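Peer 1: My questions are about this predicted structure, shown below with the sequence.
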Amino acid sequence: MAEQGRVGPHLRLCRGCRRFTNPDEIACPFCHGDMDALQAEHDALQEEVRQAADALRAAMAEARARRDA
Amino acid sequence: MSELPARYAGDDDLANRVPVIVVWEITLACDLACKHCGSRAGRRRRDELTTAEGLKLIDEIAELGCRDVGLIGGEAYLRKDWLQLIAAVRANGMDCTLQTGGRNLSEDRVAAAAAAGLQGVGVSIDGLREVHDELRGVPGSFELAMAALRRVTAHGLSSAVNTQINAKSMPQLRDIMDQIIEAGATNWQLAITVAMGNAADRPELLLQPWQMLELMPLLAELAEDGRRRGLFLQPANNIGYFGPYESSIRNILDDEIHYRGCAAGDALFGIEADGTIKGCPGLPSAYAGGNVRDKPLREIWENAEPLAFARRRTVDDLWGFCRTCYYAETCMGGCTWTSHALMGRAGNNPMCHHRALELDAQGLRERLVQVKRAKGDSFDHGEFEIIVEPVPVTVPGRVPDRICVNG
């Protein structure tokens, strides 16, 4: 097929105000936050949450194993 | 990340113009009399496709790579061969769902449809009992729709609800959600009532653009609450765009999913019961790309100019607020159907959260006033004018004045 469909651009989510911004923005045009810094802060928090969830799962598995032993 | 549903159109689908979703009005016959019906359904079309033509069309749809065929009406089950069509869709390896008002979706019909291979049913519920019955034009239709939803759930089919958001239903959305969760719904598709067909005759039923300020936080709250309770909210193409709740309302598996423009004619198309093909089932007849009785479906899909509007639209085609909007390149004026029905042409869509927020920050809001009535045909529309006015100052206990600044 000769003519391609339209693939709209992907925007970047500002982790400060939850608005989407153009990918090349350094500061969010809505909340003026530093896009990279906010993303790094978000990623670190997500990692903490992931680790906490892993720890909880491991503790529950251990408790289950102890109970079933 | 978990696997996305088959009906989700990815970048490859869009680029290669795979019609992932096909929405097929198999008959215009209907057993309800909805006050917002865009197609003004009731009697069947004079020249609906025959069974043989329908079966041939299903083969052609499958050849284009479609993954999901949604049967609509009118009321699809009023067509005598509806089960045969469902079975043929499934035999061609595509998913098949049904959208229904549910008035006569009896136990026997649900069982027969499930046996034919139907996978999911979306039941239209537009309010609590009184509002639903009024909007659907049949007393008792709310109870019948809820019973149909329960039946669908009991048969193990994927059970969804479609709700039109308008002046009557918006205040009841939270209560509707509670009731449909109780009845077993797992998906809830919400669409703003479009000023088309019967709805164009009732402008008082339509939401005003400034009500997006109230609607979007409400939907975000419902989406989050729904997720916790096993109900996934699916905003239709005319809900948005790009305010602080954009991510919340579209977040199923990935919070970076956002609206990326109308995909009509690129990732989906609609079929009218007489074989007319349009980029989206709701669009007016000016968008008809041809009829499968005259040409092969593939030829219409690949070459018809009236199906090319979304992929060829540029920012230069936008007008009004949308032309200079921060999101113009991505959004391209949002839902073509909604803006065309309101403004007489696409590219300027007042039903937008970002737009309402920008105006609100300047102390302004937009109000739609109908300046031309619809003729009374299927999929017709009138025309509206946008009045920009100051946001009324609310004094407790006093009804605000309305001041027009731009007639």
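Peer 2: Arrived safely, thanks for sending.
Peer 1: Would you mind listing what in chain A touches chain B?
Peer 2: A:1, A:3-13, A:17-20, A:22, A:29 (Cβ under 8 Å from any Cβ of the partner chain). For every residue, glycine as well, the C-beta is placed using N, CA and C.
Peer 1: Could you give me the ChimeraX syntax to select whichever of the residues you listed are buried?
Peer 2: Listed next is the ChimeraX selection for buried residues among these, using 16 or more other Cβ atoms under 10 Å in any protein chain shown:
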select /A:5,6,7,8,11,12,13,18,19,20
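Peer 1: Give me the subset of the residues of chain A next to chain B lying in strands.
Peer 2: A:Arg12, A:Leu13, A:Phe20 (DSSP state E).
Peer 1: Now render those as TSV, adding pLDDT.
Peer 2: Shown next, in TSV, are those (pLDDT from 0 to 100):
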residue	pLDDT
A:Arg12	97
A:Leu13	97
A:Phe20	98
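Peer 1: Could I get these in JSON lines, plus columns for distance to A:Ala40?
Peer 2: What follows is these, written out as JSON lines (distance: Cβ to Cβ, whole Å):
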{"residue": "A:Arg12", "distance to A:Ala40": "13"}
{"residue": "A:Leu13", "distance to A:Ala40": "14"}
{"residue": "A:Phe20", "distance to A:Ala40": "18"}
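Peer 1: Now do the SS call for the residue in chain B that chain A sits nearest to.
Peer 2: Nearest residue of chain B to chain A: B:Arg260, at 3.0 Å (Cβ to the nearest Cβ). On the three-state scheme (DSSP: H, G, I helix; E, B strand; the rest coil), B:Arg260 is labelled coil.
Peer 1: wait, it sits on B:Gly334?
Peer 2: No - the pair B:Arg260 and B:Gly334 does not pass the contact test of Cβ atoms under 8 Å, sitting 10.7 Å apart.
Peer 1: Between those two, tell me which one has more neighbours.
Peer 2: The neighbour count for B:Arg260 versus B:Gly334, taken as other Cβ atoms under 10 Å in any protein chain shown, is higher for B:Gly334 (29 against 19).
Peer 1: CA atoms only: put stretch B:337-351 into PDB for me.
Peer 2: Extracted in PDB, the C-alpha atoms of stretch B:337-351 (Å, rounded to 0.1, in the frame of the first residue of the first chain):
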ATOM      1  CA  TRP B 337     -17.100  13.200  14.200                       C
ATOM      2  CA  THR B 338     -17.600  15.500  17.200                       C
ATOM      3  CA  SER B 339     -16.100  18.600  15.600                       C
ATOM      4  CA  HIS B 340     -17.800  18.100  12.200                       C
ATOM      5  CA  ALA B 341     -21.200  17.600  13.900                       C
ATOM      6  CA  LEU B 342     -20.800  20.800  15.900                       C
ATOM      7  CA  MET B 343     -19.000  23.100  13.600                       C
ATOM      8  CA  GLY B 344     -19.800  21.800  10.100                       C
ATOM      9  CA  ARG B 345     -16.200  20.800   9.400                       C
ATOM     10  CA  ALA B 346     -13.400  19.100  11.300                       C
ATOM     11  CA  GLY B 347     -10.300  20.800  12.800                       C
ATOM     12  CA  ASN B 348     -11.700  22.900  15.600                       C
ATOM     13  CA  ASN B 349     -13.100  20.900  18.500                       C
ATOM     14  CA  PRO B 350     -14.400  22.900  21.500                       C
ATOM     15  CA  MET B 351     -15.100  19.700  23.600                       C
END
